[in-house]
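Chemist: for reference, the sequence and a predicted model appear below.
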Amino acid sequence: MNSNTLFHGKIVSDAEAENITRVEELAYELKVGEVMTPDPATVSPETPMSEVLELFRQKRISGAPVVENNDLVGLVSIEDLLRCLQKSDLDTETRLYMSQNVLTIRDTDPVIEGLKLFVSSHFGRLPVVNTAGKLSGILTKGDITSGILKAIQHDYQEEEVRRYRASHLFEDIESDRSSLILRYNIKQGDFTHGGAASSAIKRALLRLGAEPQIARRVGIAVYEAEMNLIIHTTNGGIIRVEIEPKQISINISDDGPGIQDVNLAMRPGYSTATEKVRELGFGAGMGLVNIQRCVDSMRLESVYSRGTNLRLKIFLPEEDAVGEGTKEPNKETK
Amino acid sequence: MNLQQIIEALALRPITDNQNFEEIEPTCGYASDLLSCVMAGAPKKSLWVTLQAHGNIIAVATLLDLSAVIITEGAMPDQTTIDKAREENVILLGTEAPSFYVIGKLWELGLRCDARKPERPE
């Protein structure tokens, strides 16, 4: 339970925050009122213990709040009942065996407060009161476990729904031409994030229900263009991907320095990369050639000292259209 | 042949977390230290042999859906690269042996590749 006290008494470092599990988060997000058993069976102080025995047996419970004039006055549990049975004293009123001064918890408290009380006390159940101080339910460790499990199940279903919706993105939108535009700003020299944009685009396409082969081709083409922006430009550049059900248009632009000889740049093995960049494994002179073999159409325009603009298109056959619900969302998304 | 058998036969050292290597079946192999060549030539689910150990190998492996990357000659990726590999679920394996030895061994074990690169990525 140590990790559950994580947020208390000290500031959580980034490293610790990363290790907080979804279960721990839920213990703070969920309220006691959401997981408790509402309207629990109650008894009054005058109820004979024999009736308590009958109640526990019928409802298969092991404890009940004791209420008098709508106020919580105690708690009677199976342990109290055992003491009573030992003395063969079942005709006695509950008030003589119940625990008084019981710990309570508010229905507006986060579940973590309940967990803490269970750890610090020996109680197996806690009566829950509302803001007016009236009994509104009962909380056991089992209620917390099943409440958290339900919430996790809910999270999971939401992710499924999200995938499903993405794969049907264009279906319910009426227009003469619908498209989804993704933009990425790429910084010059940012090798650390090299491949981040292309990986994100590949993931997005898979979510939209694209065929893995299409997503892979787009990924490779954009990766090469992304690395070109990182390696060769003066100020980086912009990748713009427009996704339509039956075509993907990719536009990569920068403001310099531009390509001196476009024909030469297209020749396999030709590269202007520096020695330092080549040591990293770039500068094979294959980038543009690679892009060409992945796309259906490619237009490269460059003005030396002004900048470069690369336009790529990939056409999707009718049966592979994205975002129209013709394909189930792809589970390969990582 | 699964990845577990390959790891044992070549005494490879897993750099990323251990996982169920028996369930991974590399379909073929590819070797190059030039990333664009890998982008052009490595088929999906292939095993990539390289001595590059910097962060960009992870993006390449992710985009190509590679089975695993074998880093040769004792080259060691930095922590950021290892973290990124974990995040993207990319398997990194290390060895002191040179690339030629590793490739020869893999061929002996039955891993193959086409003599020509595919026209278009599968």
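Modeler: Received it, and whenever you're ready, just let me know what you need.
Chemist: burial measure for A:Val73, as a count.
Modeler: The tally of other residues near A:Val73 (other C-beta atoms under 10 Å in any protein chain shown) stands at 17. Backbone N, C-alpha and C define where each C-beta goes, glycine included.
Chemist: that's a helix at it, yeah?
Modeler: No: counting by DSSP: H, G, I helix; E, B strand; the rest coil, A:Val73 is located in no helix; its state is strand.
Chemist: ok, A:Val295 - contacts?
Modeler: Neighbouring residues of A:Val295 by C-beta atoms under 8 Å, 6 or more residues apart in numbering or on different chains: A:217, A:221, A:250, A:312-314.
Chemist: chain B contacts on the stretch 151-300 of chain A?
Modeler: Neighbours of chain B within the stretch 151-300 of chain A, by C-beta under 8 Å from any C-beta of the partner chain: A:191-192, A:194-196, A:198-199, A:202, A:212-213, A:216-217, A:219-220, A:223-224, A:227, A:280-287, A:289-290, A:293-294.
Chemist: for A:Arg293, what is the enclosing helix or strand?
Modeler: Assigned by DSSP states H and E, A:Arg293 belongs to helix A:287-294.
Chemist: right, and the helix or strand after that helix?
Modeler: Taking DSSP H and E, what comes next after helix A:287-294 is strand A:297-303.
Chemist: how far off helix A:287-294 does that following strand point, in degrees?
Modeler: With axes from the mean of the first three to the mean of the last three C-alpha atoms, to 10 degrees applied, the angle from strand A:297-303 to helix A:287-294 works out at 150 degrees.
Chemist: now check the helix or strand following strand A:297-303, is it near chain B?
Modeler: Sequence order places strand A:307-315 as the next helix or strand after strand A:297-303, per DSSP H and E. No: using C-beta under 8 Å from any C-beta, strand A:307-315 stays clear of chain B, coming no nearer than 11.0 Å.
Chemist: A:Gly63 against A:Gly74, yeah?
Modeler: No: contact criterion C-beta atoms under 8 Å: A:Gly63 and A:Gly74 do not qualify, at 10.9 Å.
Chemist: looking at the contacts of A:Val295, which is nearest B:His54?
Modeler: A:Ala221 (22.1 Å; C-beta to C-beta).
Chemist: show me what contacts that closest one?
Modeler: A:250, A:290-291, A:294-295, A:312, A:314.
Chemist: just the buried ones from those residues?
Modeler: Applying 16 or more other C-beta atoms under 10 Å in any protein chain shown to the contacts of A:Ala221, the neighbour count classes A:250, A:290-291, A:294-295, A:312, A:314 as buried.
Chemist: for those, which one is nearest chain B?
Modeler: A:Asn290 (4.9 Å; C-beta to the nearest C-beta).
Chemist: end to end on stretch A:96-114, go ahead and measure it.
Modeler: For stretch A:96-114, the first-to-last residue distance is 27 Å (C-alpha to C-alpha, to the nearest Å).
Chemist: please apply the same query to stretch B:67-77.
Modeler: 18 Å.
Chemist: per-residue confidence at A:Glu158?
Modeler: You'll see A:Glu158 listed with a pLDDT of 81.
Chemist: revised request: answer the last question for B:Gln19.
Modeler: 84.
Chemist: OK, contacts around it?
Modeler: B:Ile91.
Chemist: one more time with 10 Å
Modeler: B:3, B:89, B:91 (C-beta atoms under 10 Å, 6 or more residues apart in numbering or on different chains).
Chemist: what sits against the closest residue to the last one other than its chain neighbours?
Modeler: Leaving aside its sequence neighbours, B:Ile91 sits nearest to B:Ala68 (C-beta to C-beta, 6 or more residues apart in numbering or on different chains; 3.9 Å). In this structure, B:Ala68 makes contact with B:3, B:6-7, B:12, B:14, B:16, B:21, B:24, B:26, B:45-49, B:61, B:90-93, judged by C-beta under 10 Å, 6+ apart.
Chemist: among those residues, name the ones in strands.
Modeler: B:14, B:47-49, B:92-93 (DSSP state E).
Chemist: by neighbour count, which of those wins?
Modeler: So for the ones in strands among the contacts of B:Ala68 (other C-beta under 10 Å), the most neighbours sit at B:Leu47, 26 neighbours.
Chemist: nearest to chain B: which residue in chain A?
Modeler: As assessed by C-beta to the nearest C-beta, chain B sits closest to A:Gly195 within chain A, at 2.3 Å.
Chemist: any weak-confidence spans in chain A?
Modeler: A:1-20, A:326-334 (pLDDT under 70).
Chemist: can you point me to the longest helix in it?
Modeler: Longest among the helix segments of chain A by residue count, using DSSP state H, is helix A:141-167.
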